[in-house]
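> pasting a predicted model and its sequence here:
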Amino acid sequence: MNYLGIKPVRPRVAIFGFTGCEGCQLQLANGEEDLAEFLSAMRIARFRELSSADEEAYDIALVEGAVTRGDEEERLLEIRDRARVLVALGSCACYGGVPRLKNCFDPVEMNHEVYGCHPRESLPTRSLREIVTVDQEIPGCPVAKVEVERIIQHLIWGLPYRFPAYPVCLECKQRYILCRFEQGELCLGPLTRGGCLATCPRGGLGCWGCRGPAAEPNYGEFIAIARQRGFTLREIKERLSFFGGLEVTP
Ligand code: SF4
Ligand code: SF4
Ligand code: SF4
């Protein structure tokens, strides 16, 4: 990849996965039509979905998943020491994501419920930024591959990346999508950062807030409107807390 005839340095990129479903890593491996070009911008030091490389020297670390075990915390500290740039990949890494839901339950009871008489170590779920300094967060469940590609290009060129400030609603309106809220479904689109091209409303679902907050989200007004439309405070709170990226203070 050249820009104005200048060949950029190809950074060594390593991808790690902690507690999550590995869907964000899978997203990066998707899309064969531009995969080769995407990979040509970097040297892969570690990406177990695609490569047998397993090097401990890298410039950029993309870390997927939340931290729920002591060994994950130790490994994350080690990665932070080695990486020039540490990127949180996906909502689990950025906010705790779906794994954070377990923090709502009693840890002993939950461990027993899941593992029966073979208990496992399971710490309260934490996002990466609760443990180390994170240089760049890429939210989404899963992340949007085109956005990751754009962000990596920005990192290579040393340019800051700006996420859309507008909410998901704008992308709905641009596509003439039938509003789920108007159809009686709860939808966090008015609070949530756009950029996913309104994936869930497009598929007939309300938004669950996986991309975190848009600029200046008006939580009070959103909750008041949702209450007027018959949603209980509990339903609203559960939806707001689902990915851990939005405020839950109604
Ligand atoms: S953010 Fe979603 S897709 Fe990515 S690892 Fe977590 S659960 Fe899986
Ligand atoms: S479906 Fe949701 S995101 Fe789309 S316009 Fe309605 S409230 Fe906004
Ligand atoms: S519509 Fe909402 S939950 Fe769905 S992908 Fe977009 S931000 Fe995430």
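Everything's here; your move. Ligands and ions are numbered 1, 2, ... in the order given.
> Y161 contacts R150, correct?
Yes - between Y161 and R150 a contact is recorded at 6.8 Å, counting by CB atoms under 8 Å. C-beta coordinates here come from the backbone N, C-alpha and C atoms, glycine included.
> now the common contact residues for those two.
Both Y161 and R150 lack any common contact, where contact means CB atoms under 8 Å, 6 or more residues apart in numbering.
> give me the domain ranges for the protein.
12-157, 168-240 (automatic domain parsing).
> and the first one, how far from the chain's centre?
Remark: domain 12-157 is offset 9 Å from the chain centroid, using CA atoms, centre = their mean, to the nearest Å.
> pLDDT on it, on average?
Domain 12-157 carries an average pLDDT of 93.
> can it be found next to ligand 1?
Yes - against ligand 1, domain 12-157 shows contacts by CB under 6 Å from any ligand atom at 20-24, 64-65, 90-92, 97-98, 141-142.
> which of those residues count as buried?
Buried by 16 or more other CB atoms under 10 Å: 20-21, 24, 64-65, 90-92, 97-98, 141-142, out of the residues of domain 12-157 next to ligand 1.
> now the end-to-end length of stretch 204-223.
22 Å (CA to CA, to the nearest Å).
> now it, how far from the chain's geometric center?
Worked out by CA atoms, centre = their mean, stretch 204-223 lies 15 Å from the chain centre.
> what residues does that stretch touch?
Stretch 204-223 is contacted by residues 91, 94-95, 97, 139-141, 164-168, 180-181, 185-196, 198, 200-201, 233, 236, 239-240, 242-243, 245-247, 249-250 when judged by CB under 8 Å, 6+ apart.
> can it be said to contact ligand 3?
Yes - using CB under 6 Å from any ligand atom, stretch 204-223 reaches ligand 3 at 207-211.
> now for those residues: which two are most distant?
Greatest spatial distance among the residues of stretch 204-223 next to ligand 3 (CB to CB): W208 and R211, at 9.7 Å.
> ok, and the closest non-adjacent residue to E247?
Take E247 and drop its neighbours on the chain: the residue closest to it by CB to CB, 6 or more residues apart in numbering is Y219, 5.6 Å away.
> likewise C187?
Spatial nearest neighbour of C187, chain neighbours left out: G206 (3.4 Å); criterion: CB to CB, 6+ apart.
> kindly tell me how buried the one you found is, as a neighbour count.
When neighbours are counted by other CB atoms under 10 Å, G206 registers 19.
> doesn't it belong to a strand?
No - counting by DSSP: H, G, I helix; E, B strand; the rest coil, G206 falls outside a strand, being coil.
> can you show me the strands along this structure?
In the chain, the strands defined using DSSP state E lie at 12-17, 43-46, 60-64, 85-89, 136-138.
> including distance to S127, could the buried ones among the residues of domain 12-157 next to ligand 1 go into JSON lines?
Below are these laid out as JSON lines (distance: CB to CB, whole Å):
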{"residue": "G20", "distance to S127": "11"}
{"residue": "C21", "distance to S127": "16"}
{"residue": "C24", "distance to S127": "14"}
{"residue": "E64", "distance to S127": "12"}
{"residue": "G65", "distance to S127": "10"}
{"residue": "G90", "distance to S127": "11"}
{"residue": "S91", "distance to S127": "9"}
{"residue": "C92", "distance to S127": "8"}
{"residue": "G97", "distance to S127": "8"}
{"residue": "V98", "distance to S127": "12"}
{"residue": "C141", "distance to S127": "13"}
{"residue": "P142", "distance to S127": "16"}
